[in-house]
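Engineer: No sequence on hand, only this structure:
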């Protein structure tokens, strides 16, 4: 009997002030190709994003392989199965390279396959080592589609493949290849949930789910029991964590230098410009001057948050991985280095203990702000929430920390 890959039970979802899905029930089994049909605004993208755990539920719950992964009370769990995703936005960072992103997507499953055939079919072979920012919109869309398909080909277990209008911007040759791969994934036992207006993809459906009424038509039963082993050889590969990815991207783009380090250096410069004033400070005030650049660096938050808002890269990561990219230990390293520089500037001495305090200060504050920023991502207008306006509340804990350290 085919395994149920996901089930949405009595789901209600709001987008803005309106209810898009109400008392909705749908399930997808292993080996099915479910095509969502309905006019624009009927809830096709909403259903896909809800299944991907990207939207809060007003009612009901969604389970993956029998495990509840999100419910109306806000509880969320990591999916027990491999989930791949392509949204209407591409989910790519401009600083990523094409081959790098495809390998990254496959590593989420713990295995990789040779991408040469796929790149050739999509006419991307000559762009494999190019940055995503150098691609045309159509080429970037092809990379996004491949990042949803390749992990399924690499996985030895059934995957849940979620695709929102994968045909957008694809030429006829690429569409033919896409249809062949969708059909092959169906025969390999994966489950595909697809929103599309393209008749070629619709013709592949084994299940048609109509929105907004929620009725379902079974097109066919399939041609044989679904398989869970692949004809394509896969290579085991260690998964990459959000922290590792964020560290790599930060060093490649030097966003940390432009955002956090620059704020710290400007703060240090302003304090040094006070001249003789700094010579008449109490012990607590002097420590406050030394640690101020580290605090400034932390108050700038994590540059990866803004980077991951590009093309909804953060949403893609949240769905397919265990979290969203962040700078990992980089804020701690930066805090320690800037505090050593500040100590040398103010006291002509390098104190390891003070450097450790500065490292912890920058790292903890930066990650606290990251959590606050990411908590707004699922709001209707996340950019309208100015987390920066809340940062002054950290001044009091900073003052209490200085008082505690100088007692």
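Structural biologist: Happy to help now that I have it. Keep in mind that what you see is a predicted model, and the values were worked out from it rather than measured.

Engineer: What pairs with the lowest-mean-pLDDT helix or strand in the chain, parallel or antiparallel?
Structural biologist: Of all helical and strand segments in the chain, the minimum by mean pLDDT, DSSP states H and E falls on strand 235-236, at a mean of 72. Strands that pair with strand 235-236, judged by DSSP bridges, come out as strand 111-112 (antiparallel).

Engineer: which intervals of the stretch 51-200 of the chain have sub-threshold pLDDT?
Structural biologist: Nowhere does the stretch 51-200 of the chain drop to pLDDT under 70.

Engineer: List the beta-bridge partners for residue 86.
Structural biologist: Under the criterion used here (DSSP bridges), residue 86 is bridged to residue 163.

Engineer: quick one: contacts for it?
Structural biologist: Going by Cβ atoms under 8 Å, 6 or more residues apart in numbering, residue 86 touches 144-145, 147-148, 162-164, 166. All C-beta atoms are positioned from the backbone trio N, CA, C, and that covers glycine.

Engineer: CSV for those, including neighbour count?
Structural biologist: CSV is the format used below for the contacts of residue 86 (neighbours: other Cβ atoms under 10 Å):
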residue, neighbour count
144, 26
145, 24
147, 25
148, 24
162, 27
163, 23
164, 23
166, 28
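
Engineer: if we take these, which one ends up nearest to residue 291?
Structural biologist: Closest approach between the contacts of residue 86 and residue 291, by Cβ to Cβ: residue 147, at 42.4 Å.

Engineer: How far off centre is the longest helix along the chain?
Structural biologist: What stands out as the longest helix in the chain, according to DSSP state H, is helix 352-374. Computed by Cα atoms, centre = their mean, to the nearest Å, the separation of helix 352-374 from the middle of its chain amounts to 22 Å.

Engineer: So which bits of that helix are buried?
Structural biologist: 354-355, 357-370, 372-374 (16 or more other Cβ atoms under 10 Å).

Engineer: And stretch 338-350, by the same measure?
Structural biologist: Buried residues in stretch 338-350, counted by 16+ other Cβ under 10 Å: 338-343, 345-346.

Engineer: Not counting stretch 252-265 itself, show me its contacts.
Structural biologist: By Cβ under 8 Å, 6+ apart, the surrounding residues in contact with stretch 252-265 are 95, 249-250, 293-294, 296-301, 303-304, 307, 327, 330-331, 334, 338, 362, 366.

Engineer: how long is it from one end to the other?
Structural biologist: 21 Å (Cα to Cα, to the nearest Å).

Engineer: Could you list the buried residues of it?
Structural biologist: Neighbour count says stretch 252-265 has 253, 255-256, 259-261, 263-265 buried, by 16+ other Cβ under 10 Å.

Engineer: Same question for stretch 49-65.
Structural biologist: Buried residues in stretch 49-65 (16+ other Cβ under 10 Å): 49-57, 59-65.

Engineer: Just to be careful, could you list which of these are in helices?
Structural biologist: Those of the buried residues of stretch 49-65 lying in helices (DSSP H): 49-51.

Engineer: model confidence over the next helix-or-strand element following the longest helix of the chain, on average?
Structural biologist: Using DSSP states H and E, the next helix or strand after helix 352-374 towards the C-terminus is helix 395-405. For helix 395-405, mean pLDDT is 79.

Engineer: Return the set of buried residues in helix 395-405.
Structural biologist: For helix 395-405, by 16+ other Cβ under 10 Å, it's 398, 401-402.

Engineer: Return the closest of the contacts of residue 86 with respect to residue 321.
Structural biologist: The closest of the contacts of residue 86, once distances to residue 321 are taken by Cβ to Cβ, is residue 147, at 12.2 Å.

Engineer: ok, that closest one to residue 68 distance?
Structural biologist: Distance, residue 147 to residue 68, using Cβ to Cβ, to the nearest Å: 27 Å.

Engineer: what's the answer for residue 158, then?
Structural biologist: For residue 158 relative to residue 68 (Cβ to Cβ), the value is 19 Å.

Engineer: tell me which strands and helices the helix or strand where residue 28 lies is in contact with?
Structural biologist: Residue 28 belongs to strand 18-29 when assigned by DSSP H and E. Applying 3 or more Cβ pairs under 8 Å, 6 or more residues apart in numbering; DSSP states H and E, one finds that strand 18-29 contacts strand 4-15, helix 44-51, strand 59-64, strand 191-195.

Engineer: And the strands in this structure, which stretches?
Structural biologist: 4-15, 18-29, 33-37, 59-64, 67-71, 82-86, 111-112, 159-164, 191-195, 207-210, 216-218, 235-236 (DSSP state E).

Engineer: got the angle for the fifth one vs strand 59-64?
Structural biologist: In other words, strand 67-71. Angle, strand 67-71 to strand 59-64, by axes from the mean of the first three to the mean of the last three Cα atoms, to 10 degrees: 140 degrees.

Engineer: next one: the second one
Structural biologist: Taking the same axes, to 10 degrees, one finds strand 18-29 and strand 59-64 inclined to each other by 30 degrees.

Engineer: Flag every buried residue along strand 18-29.
Structural biologist: Counting neighbours by 16+ other Cβ under 10 Å, strand 18-29 gives 20-22, 24, 26-29 as buried.

Engineer: Then the third one?
Structural biologist: Using 16+ other Cβ under 10 Å as the test for burial, strand 33-37 gives 33-37.

Engineer: Map the structural domains onto the sequence of the chain.
Structural biologist: Here the domain parsing of the chain from automatic domain parsing is 4-236, 242-405.

Engineer: Distance to residue 350 added to the strands of the chain, as JSON lines?
Structural biologist: Putting those into JSON lines (distance: least, Cβ to Cβ, whole Å) gives the following:
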{"stretch": "strand 4-15", "distance to residue 350": "55"}
{"stretch": "strand 18-29", "distance to residue 350": "59"}
{"stretch": "strand 33-37", "distance to residue 350": "62"}
{"stretch": "strand 59-64", "distance to residue 350": "52"}
{"stretch": "strand 67-71", "distance to residue 350": "49"}
{"stretch": "strand 82-86", "distance to residue 350": "48"}
{"stretch": "strand 111-112", "distance to residue 350": "45"}
{"stretch": "strand 159-164", "distance to residue 350": "52"}
{"stretch": "strand 191-195", "distance to residue 350": "57"}
{"stretch": "strand 207-210", "distance to residue 350": "65"}
{"stretch": "strand 216-218", "distance to residue 350": "69"}
{"stretch": "strand 235-236", "distance to residue 350": "45"}
